[in-house]
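Student: Got a sequence here, can you build the structure:
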Amino acid sequence: MDQKQLKKLIKKYQDGTANAAEKFIVEYWYETLDQQEPEASEIGFVPERSDLRTRIIAAAGYTVKRSSYRYRFLCGAVASIILLILSTVLYHQYFSVSQIDSLIKPIKTAYLNKGTISTSIAERKTVILNDGTKVILNANSSLTVGDYDRKREVNLYGEAFFDVKKDPSRPFTVHGGGLHIKVLGTSFNVKAYPDIHNTSVSVRTGKVQVDNNKKNLRTLMPDENIVYDRKSSDYKLTNAEYVLESSWLSDHVKLDQASFEELSQNFKNFYGFTLYTADEKLLIDRYNISFRQSKTMEAALEEIQLLTGKKISIKNKQEGKEIILY
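Tutor: Just a heads-up that it's a prediction; the model follows:
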C-alpha cells in the first residue's frame with residue numbers, strides 16, 4: 001500500500017464511509033504512529049488526544065515528514081493487516097459452512113460481480129455475490145446483477161433461495177414476477193417462473209417486505225408465505241414452515257394441491273419436457289405428486305397418467321420438447 005492509498009483510506013474514515021476493516025486499518029496505523037515520538041515541529045500539530053477520529057485526520061497531515069524507513073515499516077505493517085483481514089473476510093463470506101450448506105447436496109458454485117448466470121434442465125447453482133450473499137438457483141432460472149456496489153439489487157427469472165448478508169445501510173432487493181422483495185439480512189425463497197401466473201415468496205428467517213408496482217403488500221415474518229397473482233394483482237397469505245430438507249434445495253419436490261402450471265414447470269425442471277393439454281378439467285384440477293432426481297421420466301409419466309387418466313404423446317420439436325396429455 002502506497003501513501004496515496006493510505007490517504008484514500010483516511011479520507012473515507014473522515015467522511016464516515018469506511019467499512020469496519022478499513023476503520024481498523026486506519027486506527028491501527030495511527031496507534032503505530034503513537035509508538036514513535038513526533039518531532040518537535042509536529043507536536044503542535046496533534047490535537048486533543050481524547051478524540052480518535054480527529055487525531056487520525058490530523059495525523060494524516062504530517063505522514064510525509066516521517067523518514068523513509070519508518071514510512072516503509074508502517075506501509076508494510078498496514079499491508080500485512082489488510083492481507084490478514086481480507087483473508088478472514090473472504091473465508092467467512094465464501095468458504096465457511098452455513099446451516100444451509102450442510103443441509104443441501106453439493107452443487108456447482110459460481111461468483112458473480114455483474115451480468116447474468118443461468119441454469120438449465122435439472123441443474124442448480126450456488127451463486128456468490130461480492131458481499132457474500134448466497135443465491136441458490138433452481139433449474140431453468142437466471143439471476144442478473146447490475147451495479148451491485150452501488151445498489152444491492154438483482155433480477156430473478158425462475159426460482160431461487162436467497163441467504164442475504166446483513167447490511168443495514170444497503171437493503172437487498174429482488175425484482176421478479178411482478179414483485180419487489182426488500183430485505184436487510186435474511187433467508188427466503190422466491191418462485192417467479194413466467195409460465196406460472198403466480199409468484200410466491202416464502203420466508204425462512206428474518207423479515208421480508210413485498211411490494212408490487214403500486215403498493216406494499218405485506219411484511220412477511222418467518223414461516224409466512226405469500227402467493228401473488230400477476231393477472232389480477234390479488235394475493236393470499238399462508239403460514240407454513242419452510243423446511244430445507246423437503247424443498248427443491250434437497251433435490252426433492254413435493255407438490256401439494258398444485259396447479260397444472262406448477263406440475264408442468266416442475267416436470268420441465270427435472271426432465272426438460274413441458275406438459276400441455278387442451279382438456280379444461282385437467283387445467284383446473286389440483287395435483288399431489290413428488291419429483292426427485294432418482295425418479296426417471298418414465299416413472300413420473302406413469303404417475304401422471306394414473307392421476308389424470310389420460311394418454312400421452314411425446315413430441316421433440318425443434319423449438320422445444322413437449323408432452324401432450326389427451
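
Student: Does residue 213 belong to a helix, a strand or coil?
Tutor: Secondary structure assignment for residue 213 (DSSP: H, G, I helix; E, B strand; the rest coil): coil.

Student: Residue 178 is in contact with that one, correct?
Tutor: Yes: counting by C-beta atoms under 8 Å, residue 178 is a contact partner of residue 213 at 7.1 Å. To be clear about C-beta, it is placed using only N, CA and C from the backbone, and glycine gets the same treatment.

Student: Looking at the two, which has the bigger crowd around it?
Tutor: Here residue 213 and residue 178 are set side by side on neighbour count (other C-beta atoms under 10 Å), and the busier one is residue 178, at 17 against 8.

Student: What pLDDT does the model give the closest residue in space to that one that isn't next to it in sequence?
Tutor: In space, residue 178 comes closest to residue 230 once its chain neighbours are excluded; the distance is 4.5 Å by C-beta to C-beta, 6 or more residues apart in numbering. Confidence at residue 230, expressed as pLDDT, is 92.

Student: Tell me, how many residues neighbour residue 230?
Tutor: Each residue near residue 230 was counted by other C-beta under 10 Å, and the total is 16.

Student: Ok, residue 296 next?
Tutor: 11.

Student: now it: how far from residue 316?
Tutor: Computed as C-beta to C-beta, to the nearest Å, the residue 296 to residue 316 distance reads 17 Å.

Student: Next up, identify which helix or strand residue 188 is on.
Tutor: Element membership of residue 188, judged by DSSP states H and E, is strand 187-192.

Student: quick check: mean pLDDT across that strand?
Tutor: For strand 187-192, the mean pLDDT works out to 95.

Student: shaky segments in the chain?
Tutor: Across the chain, the ranges flagged by pLDDT under 70 are 1-4, 20-22, 24-106, 245-246, 317-319.

Student: what are the ranges of the helices in it?
Tutor: Using DSSP state H, the helices assigned to the chain run over residues 3-15, 20-34, 40-43, 52-59, 68-90, 99-103, 260-271, 280-284, 297-308.

Student: Please name the residues that touch the residue nearest to residue 178.
Tutor: 177-178, 197-199 (C-beta atoms under 8 Å, 6 or more residues apart in numbering).

Student: among these, which ones are buried?
Tutor: Taking 16 or more other C-beta atoms under 10 Å as the criterion, what is buried in the contacts of residue 230 is 177-178, 198-199.

Student: Would you confirm that residue 218 contacts residue 207?
Tutor: No: applying C-beta under 8 Å, one finds residue 218 not in contact with residue 207, separated by 10.5 Å.

Student: what about the residue lying closest to residue 292 once chain neighbours are set aside, neighbour count?
Tutor: Leaving aside its sequence neighbours, residue 292 sits nearest to residue 252 (C-beta to C-beta, 6+ apart; 4.7 Å). Applying the criterion other C-beta under 10 Å, we find 15 residues in the vicinity of residue 252.

Student: next one: residue 181
Tutor: Burial of residue 181, expressed as a neighbour count using other C-beta under 10 Å, amounts to 26.

Student: Distance-wise, check the closest residue to it other than its chain neighbours relative to residue 186.
Tutor: Computed as C-beta to C-beta, 6+ apart, the closest residue to residue 181 that is not its neighbour in sequence is residue 174, at 4.3 Å. When distance is defined by C-beta to C-beta, residue 174 is 11 Å away from residue 186.

Student: Identify the contacts common to the two.
Tutor: Contact with both residue 174 and residue 186 is made by residues residue 162, according to C-beta under 8 Å, 6+ apart.

Student: the more surrounded of the two?
Tutor: Set residue 174 next to residue 186 and count neighbours by other C-beta under 10 Å: residue 174 wins out with 26 against 19.

Student: And the furthest pair within the buried ones among the contacts of residue 230?
Tutor: Using C-beta to C-beta, the pair of those lying farthest apart is 178 and 198, separated by 9.9 Å.
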